[in-house]
Every structure is written in structure tokens, then in C-alpha cells.
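**Student:** Make a model of this:
(2 chains)
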There are 2 protein chains.
Amino acid sequence: MKFSILFGGLSWEHEISIVSAISLKKVLGEKNVEGFIFLDSSHRFYLIPSESMKSTFFSSGEYKKCKELYVGIGSFFSQGLLKKKSIPLGIVINLIHGADGEDGTLASILDFYKIPFIGPRLEGCVLSFNKYLTKLYAKERGIKMLPFEMLQKHSPRKINGEFPLIVKPSRLGSSIGVSVIYSSDEISYAIDSAFEFDKEIIIEPFIKGVKEYNLAGCKIADGNNSDDEYIFSIIEEPQKKDLLDFENKYLDFSRTEQVRKADISEDLEKKIKDAFKKIYVNKFEGALIRCDFFVIEDEVYLNEINPIPGSGANYLFDNFLNTLLELSSYLPKKEAIKISYQYIDKIQRAKGK
Amino acid sequence: MKFSILFGGLSWEHEISIVSAISLKKVLGEKNVEGFIFLDSSHRFYLIPSESMKSTFFSSGEYKKCKELYVGIGSFFSQGLLKKKSIPLGIVINLIHGADGEDGTLASILDFYKIPFIGPRLEGCVLSFNKYLTKLYAKERGIKMLPFEMLQKHSPRKINGEFPLIVKPSRLGSSIGVSVIYSSDEISYAIDSAFEFDKEIIIEPFIKGVKEYNLAGCKIADGNNSDDEYIFSIIEEPQKKDLLDFENKYLDFSRTEQVRKADISEDLEKKIKDAFKKIYVNKFEGALIRCDFFVIEDEVYLNEINPIPGSGANYLFDNFLNTLLELSSYLPKKEAIKISYQYIDKIQRAKGK
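**Tutor:** Okay, the predicted model is just below:
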């Protein structure tokens, strides 16, 4: 079984996706990759030869000389002189970070055209891409999250929390539009900055030096949701920074070296895995996701869900290729829908009487 | 300005969408419709001539002789001998009820290809199509809903509510898989039936004879969310039935005759409109939706959100054509995203040193 890597997208994380795809090529090995499909910012797809998978090939615009692809039922197609021709296609790995990839757009398109893919499906995308909806979802699943306020453009700007606070657009994966504010003088500017990127923003406490732990994984069975139905990564304690800026985040997306397991108690590890499973089940099947947690006074809080983590979070797994292969045989199937015309037929029969 | 009507879809409500489209043709008048685009159950699009808009044209499979269409950037295209040709396209009205139309799939596709359309966008779709997510969303927006339990396939089947209860799949728009149960003997069968259609089901109290009121509308401005930014329909008190079965629901989708305004107090009308606005804002812009409410002891409860109501809920509006025209000039725009290659460029410069 081979994989096709879908990357790029019209997103603030466009170039990060390119870096991610280049890293994944290295991790999976060329022989396991059937093709590289680049989505450019005008929403055109291109088939990229393996040897052209270099970042400047995209930044220079050279990719435009490659074969343009069109998505259709069951595959991607190139336009021949007289007819469309499907390309060889492996299981598609959706590696488009941010908009297009994580917001549910490509999940919809791939599902609609019956193209098997690894990546979050529609509902999981919407619940993780929008931080406000993540809050509602996690809370209902019994997972703690930091308290928050959501503001819309017309909302009154009365903020109740104690400083420092963090202000962020609801729907951006990267750190764009995010500010940490230490006093009420800074509120107005921070809110305006966040509203430049979204019509809905989140304000929550900023806890300096909070303990952070990341866990990635995927579900590869359909039973009682026990631990053995999952492939879990190691739990990582990421490098502490006040706020991971865009540049550091970028470095994160090109990681291919394995990291060290966090030094935590078995009890905490169990709590983190339990929270992960509650988030995952019924909403993220078919995807390898990373959940980022805070631990405050021994309690686990969800910080955010990364439904398409940088370079697939490969560096957290012992055997990443094998994880993807296992996941490939557990991609969710849509419930079968039978089309009938019973009411139309009934009316026609009634008319005929 | 003209409209193109998109209907059909791979959904349990496939034939209902056909009926809905035929009704809408009648309501809008042929001169206002640019074209009819049918999505069949294999996810192929066809351009249907106005004179063929009869239900048997679809149930007989005759539609397959029509021109097949492909969706692409900015339009739908037919495949000519040598190249693709775009068809004349008005503002698309997404009239696909149930899966494909209401679950966010077509919203994603139309948005991705930059095709202007009337209909719910991705987030609104996901929040209204899944009744469990509707509960979380409405609750957070401060709207009352009946208490509920959500079961997944592996959940213990311990039910806490008092009979009668209603059991329904989370994600079906019609009454398929829905049961009202009056005693514990019936629980197991009802749950199994619902699980045939979804992997997640909802159980809530069934209140016989509860007062129901429906309100449809759309937002046509971007300000402080006051009443005058909306076009509201009249509030209707729908025909009472224990449970609107599929056949009655079908009749509902072919309605074109105006109905009478419900006889309610100004105060209740205000409460219903306020609830509608809280649900609508920031999640349903660009769509004409219908919210169905219960009123219990003078309190307003949301029953469900219909993001694509049958035949557009045209029968609730004084001037339906005008409502769609107004809405057309207020379709949401995606936030502009700038693609840059600053980090790739930086790394390249660093390498060059």
C-alpha cells in the first residue's frame, strides 16, 4: 500500500504545509509514496514529481509547469487531449494545515468523491478548527478547559478575566493574530488585531510556565474504546516558551527526529490518554491527531486539538510508517444510504387513478 | 439577478429535494431561474432543462440523458469535445436536504470553487445537522433545549429519563430511525433501530401535544444584530401531530401556499425572534434557515434548526423572491488570506550564506 501526500492550500500555514510534506517524504521513504499533490492558493491541484519536492520549487512558482489535476469520482484526473485520465493514487494523506485542510473543506471534497484518505472528517475538523467549538465539545465530553469568553464583532468589550490574558482568533491554527496582554490598556489593540483574522475571538487566562504535554494517536478498531484500540505516541513535554511564535512553530513542522518521552507518573499518563480517547471517539476516526494538554495542580486540561499535526507528529512515534499502514485499514465508512422514489411513485399512482 | 437551483443528493431526503426544487420553480417563476442542477446518488451533476422538472424524470432515471456537469473554479462545466465549457450560472440555491446538502459537504465544495450560493456554510451545517452538536451550541448561546442523553455504540444503555422518550439518530433530518417509547421494554429495539442509521444517537423526553412554533429568516446586514438586520417570516404554528412521519414531512416539502400567522403574544414573538438571532449570528450568514421551537410554560426551547427548510419555507414569507434577492447581496465573504514564503525564503538565504 502506498500513500499520496496532499499539501499546500489557501491558508496562513501554506508554506508550513510544504515543509511538512517534504519532511514526510523523508520519513516515509520514496518507495512508499505514490505521488505528491500540491494545492496552490488559487485552488488548483498539481502533480509534483518526487525530485521537485523542494521548498523553492513552490515559492518560485515553478510548480505551475507541472500537470494540473482535477478531482473527480474516485481519483484525481489530468486533462488529456480528448479525455480525462486518472492518476495512480495511494491512500491520500491530508497534510494541509490550517484552512482548506483542517477546516473540513478537503475532508468534504475527498469524501464526496469517494477518495480514501487519512485525515480528520468534516465534524472533527469543524470542532477542532474553531477554538470556540472545541471548548463546547470538550466540556460536554467531560474534559476540562481553561475558562474563556467568546466575543463577536458586535459584542460589548467587557472582559472579566484577570491578567495576563491571551486573545486569539477562533479559527487560526498558527499564532497569527494572537496576543498576550498584561493590562487593560492593551485589551483594545489585542482585540482589534484578532478581529482582523476572524469574526469571532476567544479570550482566556494566560498561565506563564504552565506544564504542557502533547499526545498523538489514532484509533484502529471499533469496539469499547479501550486503550488497546489505539496506537498512541509517546507523551512529549514540548520545549517551553511563553508563546510558540510562528517561526518556532515552523521549525516544529519540519521535525523528523524522535523526541524523549516526558517524565510523568503512570497516573498522569492514564489521565492524559483517557482525555485523548474521549475527544477522539466518534469524531476523529480516520485521522492521526495530536492533542495538546495543560496540567494544572495535577488536573488535565485540553489546550487544543491538532487534527493534522506538523509532519504528522511522526517524531512522537516509534514506527510511524506502520502507524499509518494500520490506520489505513481503519478508515471510516459512510453509512449506506438507499435512494428510493416511493413517495414520488405513490403520488404518480394516485394521479393515474 | 437569476438563481440556479441545486437539488437531489445522496441522502435519505433525495426525493424530497426533487419535490422541493419543483415547488421552488413554481414559486420563483421560470424567468428568475437560470438553471436546475441535479446531483444524483452517484455524485454526478446534471443540467436539467426547465421543462423536464417533473418528479418522474428523476425516478425513471431519464435525467441521465442530460448534460453531465463538473464543478470547477467559478462555475459548473460541461465537457466539450476538446475543452470544458462553463454553463450560465446564477446564484446557486442549495436545496439539497439531508446529507450532502445540510451536512456541510456541498457548502465546502461551493466555497472551495468560489461559487456564490445561498445556503448554510460549513460550521452552520455541522452544528445543525448533528442534533447532539445543536444541543451543545444552543446551550452555550443561552437557548433552552430539552435535556438529553447521547449514546455511542459502545456506551452503556442505562437511560435515566422518564417515559415517554424519543430516540433518534444524531444526524438524520427526516424521521427515519426515530421512535417514541413508552416503557422500558421498548428501549432496546428503539436504540438498535436508531443505531442502524448513525453511530451516535440522542434520547430526550417526548412531550405529547407540546406547543410548536416555526420561524424562518435570514440576516441581511452586518451590524449589531438588531431585528431590523433580519428578514423574518411569519411565525407559524405547524399542524400538530404526535410525530411528523416521513409522508407528512414530504407533503411539507411541496408547500407553496401561504400559511396563517400563529396567534401569540408580542412578548412570546420577541422571545422566539431573540432565540433565532442568537442561533443565527456568525454561523448561518448566507442562509435562509427555519428554527423550530417548543414553548413550555411560556419558555422558548429550540427543537431543531433546519438550515435548508423544505421548499425554502417559501410559504412563510410575504415576498419570497425578494427575500432571496436581498440575501443574495449579503452572502458571506471568506477572510482574505495572504500566502507568503517568508520562512522558506529566509532558510534559503541562510543556506546561501
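**Student:** residues in contact with the residue in the stretch 201-350 of chain A positioned nearest to chain B?
**Tutor:** Distances between the stretch 201-350 of chain A and chain B by CB to the nearest CB are smallest at A:Tyr341, namely 3.6 Å. For every residue, glycine as well, the C-beta is placed using N, CA and C. A:Tyr341 makes contacts with B:Glu15, B:Ser55, B:Phe58, B:Ser59, as judged by CB atoms under 8 Å, 6 or more residues apart in numbering or on different chains.
**Student:** Can you give me the neighbour number for the closest residue to the second one other than its chain neighbours?
**Tutor:** If I follow you right, that is B:Ser55. Setting aside the residues directly before and after it, B:Ser55 is nearest to A:Ile344 in space (CB to CB, 6 or more residues apart in numbering or on different chains), at 4.3 Å. Per other CB atoms under 10 Å in any protein chain shown, the neighbour tally for A:Ile344 reads 21.
**Student:** Next: A:Ser41.
**Tutor:** Counted with other CB under 10 Å, the neighbours of A:Ser41 add up to 14.
**Student:** residues contacting it?
**Tutor:** A:Ser41 neighbours (CB under 8 Å, 6+ apart): A:Gly8, A:Gly9, A:Leu10, A:His14, B:Ile337, B:Ile339.
**Student:** One more: A:Pro307?
**Tutor:** A:Pro307 touches A:Glu102, A:Gly119, A:Pro120, A:Gly124, A:Cys125, A:Ser128, A:Phe129, A:Phe284, A:Ala287, A:Ile289, counting by CB under 8 Å, 6+ apart.
**Student:** Looking at those residues, which are in strands?
**Tutor:** Residues of the contacts of A:Pro307 located in strands (DSSP state E): A:Ile289.
**Student:** Let me know the closest of the contacts of A:Pro307 to B:Leu82.
**Tutor:** A:Gly119 (35.4 Å; CB to CB).
**Student:** quick one, what contacts that closest one?
**Tutor:** With CB under 8 Å, 6+ apart, A:Gly119 has these contacts: A:Val92, A:Ile93, A:Asn94, A:Gly101, A:Leu106, A:Ala107, A:Leu110, A:Gly286, A:Ala287, A:Pro307, A:Ile308.
**Student:** out of those residues, which are inside helices?
**Tutor:** A:Leu106, A:Ala107, A:Leu110 (DSSP state H).
**Student:** So which residues on the stretch 151-300 of chain A come close to chain B?
**Tutor:** Neighbours of chain B within the stretch 151-300 of chain A, by CB under 8 Å from any CB of the partner chain: A:152-154, A:197-200, A:222-225, A:246-247, A:250, A:281-282.
**Student:** Where does confidence bottom out across those residues?
**Tutor:** Lowest pLDDT among these: A:Phe246, with 57.
**Student:** Which residue ranges of the stretch 201-350 of chain A form strands?
**Tutor:** Applying DSSP state E, counting those that start in this stretch to the stretch 201-350 of chain A gives strands spanning A:211-219, A:230-232, A:289-296, A:299-306.
**Student:** can you redo those as JSON lines with mean neighbour count?
**Tutor:** Compiled in JSON lines, those are given as follows (neighbours: other CB atoms under 10 Å in any protein chain shown):
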{"stretch": "strand A:211-219", "mean neighbour count": "22"}
{"stretch": "strand A:230-232", "mean neighbour count": "19"}
{"stretch": "strand A:289-296", "mean neighbour count": "20"}
{"stretch": "strand A:299-306", "mean neighbour count": "19"}
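**Student:** how about JSON lines for those strands, with mean pLDDT added?
**Tutor:** Output for these, formatted as JSON lines (pLDDT from 0 to 100):
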{"stretch": "strand A:211-219", "mean pLDDT": "97"}
{"stretch": "strand A:230-232", "mean pLDDT": "98"}
{"stretch": "strand A:289-296", "mean pLDDT": "97"}
{"stretch": "strand A:299-306", "mean pLDDT": "96"}
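**Student:** Just tell me which of these ends up closest to A:Val178.
**Tutor:** Comparison of these against A:Val178 by CB to CB identifies strand A:299-306 as nearest, at 11.8 Å.
**Student:** tell me which strands and helices the closest one is in contact with?
**Tutor:** helix A:122-129, helix A:131-140, helix A:266-280, strand A:289-296 (3 or more CB pairs under 8 Å, 6 or more residues apart in numbering or on different chains; DSSP states H and E).
**Student:** could you dump those to a markdown table with distance to B:Glu299?
**Tutor:** Formatted as a markdown table, the helices and strands packed on strand A:299-306 follow (distance: least, CB to CB, whole Å):
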| stretch | distance to B:Glu299 |
| --- | --- |
| helix A:122-129 | 29 |
| helix A:131-140 | 22 |
| helix A:266-280 | 32 |
| strand A:289-296 | 37 |
